[in-house]
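J.: Structure of the sequence below:
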Amino acid sequence: FLQQLDPASTSYNMPLVLPLDQQVAVNTLQRVFEKLVARHESLRTRFVTVGSEPVQQVRDDMDFKITYLQAPAEELEACIKRCIRPFDLSSDQLLRVYVINEGGSDAVLVIDMHHIISDGTTSVVLKEDFMSLMRGEALAALRLQYKDYSCWQNSEAVHALMAGQERYWKELYSAEIPR
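T.: This is a model prediction of the structure:
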């Protein structure tokens with residue numbers, strides 16, 4: 001809803017800019033991000049409106065590509081800012097990855113994703129998976145996807161718990177609060 005109020009906003013973008021070790025092969029990066037996208041449904045998700053309701057659509061597979069750019073060191077900051085642009089939640093991939101080569105041996109990795117597919121906790125999980133895959137480690141199968149957490153959060157049990165907490169606080173502060 002908030003994204004639709006201001007579609008040109010980048011307020012919900014979660015950019016990350018990291019210096020890139022030149023020993024990292026670009027084909028390794030591509031494979032790692034392909035594995036991350038295949039592993040985490042949220043990275044293959046978009047949100048469309050059906051009738052008047054937003055609906056999550058998880059794509060079975062997605063052709064994910066890193067974008068490679070060149071920018072001289074003095075234009076690097078401007079190039080990074082151009083990478084951080086609004087997302088169209090209904091049609092865009094909600095994860096974008098760029099490698100910007102400054103010439104010579106310096107490069108940066110720019111990762112931009114929309115907050116609707118990630119939060120602080122999932123960012124940590126994604127970083128851990130990324131680092132494990134970069135080291136060539138195999139990852140155990142996921143027991144849960146992010147949508148499972150969302151379903152749990154919207155469950156009757158959680159609503160009952162929240163209603164009980166609301167009653168508690170309303171009763172606690174039903175009388176006038178001392179100054």
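J.: residue ranges with poor pLDDT in this protein?
T.: Along the chain, segments meeting pLDDT under 70 span 146, 149.
J.: Show me the strands in it, by range?
T.: 13-20, 45-50, 53-58, 67-70, 95-101, 107-114 (DSSP state E).
J.: would you list those in CSV and tack on mean neighbour count and distance to residue 1?
T.: For glycine as for every other residue, the C-beta is placed from the backbone atoms N, C-alpha and C. Output for these, formatted as CSV (neighbours: other Cβ atoms under 10 Å; distance: least, Cβ to Cβ, whole Å):
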stretch, mean neighbour count, distance to residue 1
strand 13-20, 15, 17
strand 45-50, 16, 11
strand 53-58, 12, 8
strand 67-70, 14, 29
strand 95-101, 21, 21
strand 107-114, 21, 14
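J.: Same list, the ones you listed, but as TSV with distance to residue 3 please.
T.: Output for those, formatted as TSV (distance: least, Cβ to Cβ, whole Å):
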stretch	distance to residue 3
strand 13-20	10
strand 45-50	9
strand 53-58	10
strand 67-70	22
strand 95-101	16
strand 107-114	8
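J.: Right, I'll leave it there.
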